[in-house]
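Engineer: sequence-free structure coming up:
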Ligand SMILES: Nc1nc2c(c(=O)[nH]1)N[C@@H](CN(C=O)c1ccc(C(=O)N[C@@H](CCC(=O)O)C(=O)O)cc1)CN2
C-alpha cells in the first residue's frame, strides 16, 4: 500500500533536533554558528527562498543574514565579497542564491566559496567528493530526499531506483547518493541500482523503468511528470 511521506513534519522534527544541537554547541562555549546568504537581483522567488532559509537558520539558533545586491553588481565585486566572507573567521557558512544574472559565470561564482563554508555543496570539490563517495557537503534538496528515505526506514540496498531529472544541483546528487557504496567512506552507502531519466528519455522507456522501480524520485521541478 502507498505510504505518504510527510516532508513538512520531518523538516519540523529536524529543526527541533538541530535547535538542541546548536544550543548544546554554544553551551559548550563555542561561538554561535553563522550563515551568510547572498542574493543578487530582485527575483521574488529567490527572495522567498532566502527569507525562508534565514528564518529556519535563526529558528535553530544560527546567526543568519541575507546580503542583498543589485543585479548590476559585477562578477568581480561579487567574488570579492565572497572572498571577504571566506576570510572572515566569524562566518561559518556561505551561499549564493541561484540563479544569478546571466552575465555572470555561475560555476566560477560557486567555486569562489571556500569548500568548507559551501553550505550548498555546489563547489566542484564538494561535487567531486560526493561523486567519489567521500564525506562531502551535499546539496540540500538531495540530502532532504535521502533523509526522508532514512527516517521512514525505506530500504534502498539492492533496490531499483529511478531519478527523473538530471540537474546538477538536484537530480544528479540524488542519483549519486542513492547509488553510493556502503563499503566506501561517505558513511551513507545506499547501494540502490539507479536509472536516471531525463527530457530525452522516450516516454515508453520512462514508463518501463518506472514500472520496474521500487523507488521513484521526480526531480524535474514540474508536477505530473509521472502518473
Ligand atoms: N543557492 C541555492 N540556490 C538555489 C537552490 C539551492 O538549493 N541553493 N535551489 C533552488 C531554489 N530553492 C532553494 O533555494 C528551492 C526551490 C524549490 C525547491 C523544491 O523542493 N520545490 C518543490 C516544491 C516544494 C513546495 O512547494 O512545497 C518542487 O519543485 O517540487 C527546493 C529548493 C534554486 N536556487
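Structural biologist: Looks like it came in fine. Treat the numbers as computed from the prediction; the structure is a model and nothing was measured.
Engineer: domains for this structure, by residue range?
Structural biologist: Structurally, the chain divides into domains by automatic domain parsing as follows: 7-23+33-120, 135-218.
Engineer: Go through this structure and flag its longest helix.
Structural biologist: Criterion DSSP state H: the longest helix present in the chain is helix 7-27.
Engineer: Give the partner strands of the following helix or strand past that helix in its sheet and their orientations.
Structural biologist: Using DSSP states H and E, the next helix or strand after helix 7-27 towards the C-terminus is strand 34-40. As defined by DSSP bridges, the strand partners of strand 34-40 come to strand 63-69 (parallel), strand 93-96 (parallel).
Engineer: Could I get the pLDDT score of the residue in the chain sticking out farthest from the centre?
Structural biologist: Ranked by distance from the centre of the chain (C-alpha atoms, centre = their mean), the top residue is residue 204, with 30.4 Å. Note for residue 204: predicted pLDDT of 97.
Engineer: Would you mark the buried spots in stretch 212-220?
Structural biologist: Going by neighbour count (16 or more other C-beta atoms under 10 Å), the buried part of stretch 212-220 is 213, 215-220. (C-beta placed from N, C-alpha, C; glycine too.)
Engineer: wait, I meant stretch 36-56
Structural biologist: For stretch 36-56, the neighbour count (16+ other C-beta under 10 Å) marks 36-41, 43, 46, 50, 53-54, 56 as buried.
Engineer: roughly how far out does stretch 146-161 sit from the chain middle?
Structural biologist: Averaging C-alpha positions (C-alpha atoms, centre = their mean, to the nearest Å) puts stretch 146-161 18 Å from its chain's average.
Engineer: Show residues contacting the longest helix of the chain.
Structural biologist: Defining contact as C-beta atoms under 8 Å, 6 or more residues apart in numbering, one finds that helix 7-27 is touched by 32-33, 56, 59-62, 144, 147-148, 151.
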